[in-house]
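Peer 1: Sharing a model that was predicted from the sequence below.
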Amino acid sequence: MFSKIDKNAIRVDRHYRMRKNIVGTAERPRLNVYRSTTHIYAQVIDDTVGNTLVAASTLDADIKGKLEGKSKVEQAALVGELVGARAKAKGVTKVVFDRSGYLYTGRVAALADGARKAGLDF
């Protein structure tokens, strides 16, 4: 009998491996990404004190109307632009990108490109 591969467990292992080296500081906070099947979430986190500085997702009221009729990749790009604009408003220009063990393709890459487009540097 075959056992099904738990892809999320593999992702979590990859995430823990990466997080040993990725730390957000006050000068350069961490841009964290969480991707579910229907939505995508992004947070800018200062790990020294454990505070979330800004956050954005496809559930935000600010961009809810713009998302209708767009693909998930286009939605992720809009979320990236929103989190980048909010971070710039808080005075954050440089971040460390934490892809949370997800492969850097598709929605994760689109979110990163959107954040770069909004002026974040990583």
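Peer 2: Cool, got the structure.
Peer 1: Distance-wise, check Val79 relative to Gln43.
Peer 2: 11 Å (Cβ to Cβ, to the nearest Å). For every residue, glycine as well, the C-beta is placed using N, CA and C.
Peer 1: Among these two, which residue is more densely surrounded?
Peer 2: Using other Cβ atoms under 10 Å, the more surrounded residue of Val79 and Gln43 is Val79, with 28 against 19.
Peer 1: Can you point out the helix or strand that includes that one?
Peer 2: In the assignment (DSSP states H and E), Val79 maps to helix 72-89.
Peer 1: before we move on, what about Gly119?
Peer 2: Using DSSP H and E, Gly119 is not contained in any helix or strand.
Peer 1: Ignoring the adjacent residues along the chain, who's closest to it?
Peer 2: Leaving aside its sequence neighbours, Gly119 sits nearest to Lys88 (Cβ to Cβ, 6 or more residues apart in numbering; 5.1 Å).
Peer 1: Enumerate every residue touching the one you found.
Peer 2: With contact set as Cβ atoms under 8 Å, 6 or more residues apart in numbering, Lys88 has these partners: 118-120.
Peer 1: Thanks a lot, catch you later.
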